[in-house]
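Peer 1: I need the structure of the sequence given here:
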Amino acid sequence: MTTNFDKYDTAVNYLYSLQKHGIKLGLANTEKMMRILGNPHTSFRAVHIAGTNGKGSTSAAIASILQENGFKTGLFTSPHLVSFTERIRINNTRIEEAEVIKIASLVHDSIKRTDLTPTFFEFVTAMAFHYFSEKNVDWAVIETGMGGRLDATNIIKPEASVITNISLDHNEFLGGALADITREKAGIIKPGIPVITSSGKPEVTGQLSDIAEKRGSEIHVYGRDFKGSLLKMDAGHISFDYAGCNNYSGLSMPLTGRYQLYNGCAAVKTCEVLRERGVSISDNAVKKGLLNVRLEGRLECVSENPRVFVDGAHNPEAAESLADSIGELFPRKKVVLVTGIMADKDIRGILQPLTGISETVILTKPAYERAAPPERLMDDLLSLKKAGLDVPRLLLTAPTVAEALELAKKHCAEDNIILVTGSFYTIGEVKEIFGGRGIWSTLREGFAGSDN
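Peer 2: Got it, this is the predicted structure:
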């Protein structure tokens, strides 16, 4: 009997139910699903991207450049902030809800008589690859969920592999040391396939270089083989010069934060590498592609009155980069911080740089079972205060994100900004408040196999 999920909510509810299978790092399920579906992942050329922070921005930039050059381009990313359809796009158009119903039904029927029990991320990866194949995309930019070596997406053979910033995160799955996590991320490096990295840590780039050499893969390292110079940064854009095989002056991206310089440069270098492999990509496509990048939840302004920014920083290094960018962008403005963080994260490591830029801190809890209660966040913040950290005088809690936002508005003077961060769950709820339509908020962060 053929399954036909009768509506979009039913299909997404089924996907949500797969989270009961948790996180299973490994390729066996995906490989078997691909064989059953006719190996759709072999029908398009791909760029594969791993890393701790910066994957989404780099992926979106590469996809935008390829699209600008006339290629029909798929983009597979996680997490989604408001709607599941954000995860799977072609030429930056989200998959339609009717397609989600159809493909979820097809994949479900294809495996229902097997012993497969795929996780949420494995199932969604199969959906994305089938969709890209069915729609005859020329290229797909594929972002890993968690890690790399055993990530469900690591069955593809890309034309280039990209590894962005690497820092400590998901230690329970990827290992407790930076070298362990780097080794897992480096698992996407395929023999003879070039790799680009925007990591600025010598210990990381050294390890990646050793692994690439063993696999016969040429590696291109930021700061050595390509680099950028930030020219200007405002609340919505950065502009920069790029030096690599080609030199570009005055490139611009509608994303902000100093860290976007490294993501933009990694995207340009990736396209240079693809050129070396015979792919026709024009200089104009590089410039227009960067200018037309669209990505939500990365230092994004979602309200002008009051001025509210959201950012998905969910580990200490991302929080530190965010704090630096806020300090640089708004040196004379006071910050009202709203934060909700998952209980399995390094809460104190995330809070420390963020409280350093804030006048008021409001601790809250997004609607997900993994989220730490505000009282836990307060305990961690007070422990930092006891350890000598300069903590803001006004510390508040709110049971829900919506209540936290209302509280922030009351404490936000005309020249203040509200910054919401700590988790993609938290900022997803804020985006819903400001007009996004949410479907199954518990899937926002894509727990089963996301790097968030």
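
Peer 1: C-alpha only now, for contacts and for neighbours.
Peer 2: Will do.

Peer 1: what's the closest non-adjacent residue to the residue nearest the centre of the chain?
Peer 2: With distances taken as Cα atoms, centre = their mean, residue 56 lies nearest the centre of the chain, 3.8 Å away. Spatial nearest neighbour of residue 56, excluding adjacent residues (Cα to Cα, 6 or more residues apart in numbering): residue 77 at 6.6 Å.

Peer 1: check contacts around that neighbour.
Peer 2: 56, 59, 86, 87, 88, 142, 143, 144, 145 (Cα atoms under 8 Å, 6 or more residues apart in numbering).

Peer 1: just residue 124 next, same as before
Peer 2: With contacts defined as Cα under 8 Å, 6+ apart, the neighbours of residue 124 are residue 15.

Peer 1: quick one: pLDDT of it?
Peer 2: Turning to residue 124, the model gives it a pLDDT of 96.

Peer 1: Please apply the same query to residue 172.
Peer 2: Reading off the model, residue 172 has pLDDT 46.

Peer 1: How about residue 345?
Peer 2: Reading off the model, residue 345 has pLDDT 90.

Peer 1: so it sits right up against residue 351, yeah?
Peer 2: No - counting by Cα atoms under 8 Å, residue 345 sits too far from residue 351 to count as a contact (10.8 Å).

Peer 1: quick one, which of these two is more surrounded?
Peer 2: residue 351 (24 against 21; other Cα atoms under 10 Å).

Peer 1: any idea which element the closest residue to the more buried one other than its chain neighbours lies in?
Peer 2: Take residue 351 and drop its neighbours on the chain: the residue closest to it by Cα to Cα, 6+ apart is residue 381, 7.0 Å away. Element membership for residue 381, per DSSP states H and E: helix 374-386.

Peer 1: again, but for residue 404
Peer 2: Using DSSP H and E, residue 404 sits within helix 401-410.

Peer 1: hmm, who's touching that helix?
Peer 2: With Cα under 8 Å, 6+ apart as the test, helix 401-410 has contacts from 306, 336-338, 340, 362-366, 397-398, 418, 426, 429-430, 433.

Peer 1: cutoff 6 Å now
Peer 2: For helix 401-410, the surrounding residues in contact (Cα atoms under 6 Å, 6 or more residues apart in numbering) are 364, 366, 398.

Peer 1: Show me which of those is closest to residue 298.
Peer 2: Checking the contacts of helix 401-410 against residue 298 with Cα to Cα, the nearest one is residue 366 at 18.1 Å.

Peer 1: Parallel or antiparallel, list what pairs with the helix or strand that the helix holding residue 381 is followed by.
Peer 2: Counting by DSSP H and E, the element after helix 374-386 in chain order, helix or strand, is strand 394-397. Strand 394-397 sits in its sheet next to strand 360-363 (parallel), going by DSSP bridges.

Peer 1: Now the partner strand - C-alpha only, PDB.
Peer 2: C-alpha atoms of strand 360-363 as PDB (Å, rounded to 0.1, in the frame of the first residue of the first chain):
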ATOM      1  CA  THR A 360      21.200  43.900  30.800                       C
ATOM      2  CA  VAL A 361      21.000  40.100  30.500                       C
ATOM      3  CA  ILE A 362      17.700  38.200  30.200                       C
ATOM      4  CA  LEU A 363      18.000  34.500  30.500                       C
END
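
Peer 1: Give me the contacts around it.
Peer 2: If you take Cα under 6 Å, 6+ apart as the criterion, strand 360-363 is touched by 336, 337, 338, 339, 374, 394, 395, 396, 397.

Peer 1: In ChimeraX, select just the buried ones from these.
Peer 2: Only the buried entries of the contacts of strand 360-363 go into this ChimeraX selection, using 16 or more other Cα atoms under 10 Å:
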select :336,337,338,339,374,395,396,397
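
Peer 1: how about the contacts of strand 360-363 in a markdown table, adding pLDDT?
Peer 2: Below are the contacts of strand 360-363 laid out as a markdown table (pLDDT from 0 to 100):
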| residue | pLDDT |
| --- | --- |
| 336 | 97 |
| 337 | 97 |
| 338 | 98 |
| 339 | 97 |
| 374 | 97 |
| 394 | 91 |
| 395 | 95 |
| 396 | 96 |
| 397 | 97 |
